[in-house]
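Undergrad: Sequence first, predicted model second:
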There are 2 protein chains.
Amino acid sequence: MENLRELFQVMTRRFGLLDKNCCQVGGTEISLVQSHILYELLRRDKPSMQQVAETLGMDITTFSRQIQTLIKIELVLKTPLPEDRRVYQLSLTTQGKYVAAKIDAEMNQYLNEVFSNMSEFERDMVIKSVKLLNEAMAKSTVCCKPLL
Amino acid sequence: MENLRELFQVMTRRFGLLDKNCCQVGGTEISLVQSHILYELLRRDKPSMQQVAETLGMDITTFSRQIQTLIKIELVLKTPLPEDRRVYQLSLTTQGKYVAAKIDAEMNQYLNEVFSNMSEFERDMVIKSVKLLNEAMAKSTVCCKPLL
DNA sequence: AAATAATACTTGCATTTTGCAAATAATATC
DNA sequence: GATATTATTTGCAAAATGCAAGTATTATTT
């Protein structure tokens, strides 16, 4: 039996670094955590603070402050939900969308470069595997509370 | 063409969370970063500070301080190398080995649980894929300076 | 062999990030 | 109408971060 953790530890460490690299766009400097937030906001439609914080497995208070700085640098907007004014809807500003998309593109470029070292067959297999993994982790009981 | 980043973002986020879970052993509380350090020290033979810091993509000064606390809680040892007394050899104490092994086992258990949601065929494919990915990333020019 | 450079690591800040407990503000329930 | 619940924010106090500057040791120069 192989050491599963070894494999995954190395992989995730690499992706962590990869993420670290990609976080400065134009004039704006973005931390890794902030890039994760932008990533979520790009994909979701006006989610609440709770929702995003939970998805990212972040303490809500930390998240609240991160959002504050993202608003300050004008990447994120926070508008109260009319039906329930306790909750705020989060969204990206134009600039925020631009930055998020830019990071996205850069990451995809990195990933494509990584895949360029593989055959087409391997590439397909790897992608299928990552999908499988994501599904399996979603089903798992022990880990991965954030469900998306 | 699919959105590669989407797939990998979700996957690495999950593993990040997974890692976060597994960092308390017996009486000792371990941060995620510290668990990564222990992980490295368990696998290497008396590496230097520089080496480990570089592998983990950490600033050496931050690393230095993390090692200090790991020494204080008696998980890590730091002995000067006789041939060159500028460099220190890092190693785990008995307790350190125990903690590192414990975390390792726990992570493997989690991973096995994840894999239990797959067929044998899928499992093999996924493992092969992760290996492939690690190799491909090692070859890549843009990312992943830490080479292990 | 003395002076200079380079290397491995540590410390001094000053900033940022974190999370718990407590506060606020709005809605739900009794 | 009083009380509980929920969503978010603030007050700390602790931890983590990274740059610049420091120490100590080895290498290189002249």
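TA: Happy to help now that I have it. Predicted model, so just to flag it, every value in this text is computed and none were measured.

Undergrad: Now do the helix or strand hosting A:Arg65: distance to the chain's middle.
TA: Using DSSP states H and E, A:Arg65 sits within helix A:60-72. A distance of 16 Å separates the C-alpha centroid of helix A:60-72 from that of its chain, computed with Cα atoms, centre = their mean, to the nearest Å.

Undergrad: Return the set of buried residues in it.
TA: By neighbour count with 16 or more other Cβ atoms under 10 Å in any protein chain shown, helix A:60-72 contains the buried residues A:63, A:66-67, A:70. Just so you know, the C-beta spots here come from the backbone N, C-alpha and C atoms, and that holds for glycine as well.

Undergrad: What of stretch A:102-122?
TA: Quick answer for stretch A:102-122 (16+ other Cβ under 10 Å): A:102-104, A:106-108, A:110-111, A:113-115, A:117-118, A:122.

Undergrad: just stretch A:79-96 next, same as before
TA: A:88-92, A:95-96.

Undergrad: Which two of those have the greatest separation?
TA: A:Tyr88 and A:Gln95 (19.2 Å; Cβ to Cβ).

Undergrad: And the average pLDDT for the longest helix along chain A is what?
TA: Criterion DSSP state H: the longest helix present in chain A is helix A:94-115. Averaging pLDDT along helix A:94-115 gives 88.

Undergrad: Is the spatially most central residue of chain A within a helix or a strand, and which one?
TA: Central residue of chain A (Cα atoms, centre = their mean): A:His36, 3.5 Å from the mean position. Using DSSP H and E, A:His36 maps to helix A:32-43.

Undergrad: and stretch A:117-129, does that touch chain B?
TA: Yes: residues of stretch A:117-129 are located near chain B by Cβ under 8 Å from any Cβ of the partner chain, namely A:117-118, A:122, A:125-129.

Undergrad: can you list the residues of chain A near DNA strand D?
TA: A:48-51, A:60-61, A:64-65, A:67-68, A:78, A:84, A:86-88 (Cβ under 7 Å from any atom of the strand).

Undergrad: Which one of those is nearest to chain B?
TA: Using Cβ to the nearest Cβ, A:Gln51 is the member of the residues of chain A next to DNA strand D that lies nearest chain B, at 14.7 Å.

Undergrad: re earlier: list the neighbours of the helix holding A:Arg65 that are in contact with it.
TA: Applying Cβ atoms under 8 Å, 6 or more residues apart in numbering or on different chains, the contact partners of helix A:60-72 are A:33-34, A:37-38, A:49-50, A:52-53, A:56, A:58, A:76-78, A:90, A:96.

Undergrad: Quick one, which of those residues are buried?
TA: Among the contacts of helix A:60-72, those classed as buried by 16+ other Cβ under 10 Å are A:34, A:37-38, A:49, A:52-53, A:56, A:58, A:76-77, A:90, A:96.

Undergrad: And the furthest pair within the residues you listed?
TA: With Cβ to Cβ as the measure, no two of the buried ones among the contacts of helix A:60-72 lie farther apart than A:Met58 and A:Leu77, at 19.1 Å.

Undergrad: What helix or strand is the closest residue to chain B within chain A located in?
TA: When distances are taken as Cβ to the nearest Cβ, chain A reaches nearest to chain B at A:Ser129, 3.6 Å away. In the assignment (DSSP H and E), A:Ser129 maps to helix A:120-139.

Undergrad: check whether stretch A:66-75 contacts DNA strand C.
TA: Yes: using Cβ under 7 Å from any atom of the strand, stretch A:66-75 reaches DNA strand C at A:66, A:69.

Undergrad: So for the helix holding A:Ser129, mean pLDDT?
TA: For helix A:120-139, mean pLDDT rounds to 89.

Undergrad: dump the residue contacts of A:Val126.
TA: By Cβ under 8 Å, 6+ apart, the residues touching A:Val126 are A:115, A:118, B:129, B:132-133.

Undergrad: Also near DNA strand C: which of those residues, exactly?
TA: Okay, of the contacts of A:Val126, nothing touches DNA strand C (Cβ under 7 Å from any atom of the strand).

Undergrad: Pick the one among those residues closest to A:Glu6.
TA: For the contacts of A:Val126, the nearest to A:Glu6 is B:Leu133 (13.4 Å; Cβ to Cβ).

Undergrad: one step back: what is the nearest of the buried ones among the contacts of helix A:60-72 to DNA strand D?
TA: Minimum distance to DNA strand D across the buried ones among the contacts of helix A:60-72 is 3.5 Å, recorded for A:Met49 (Cβ to the nearest atom of the strand).
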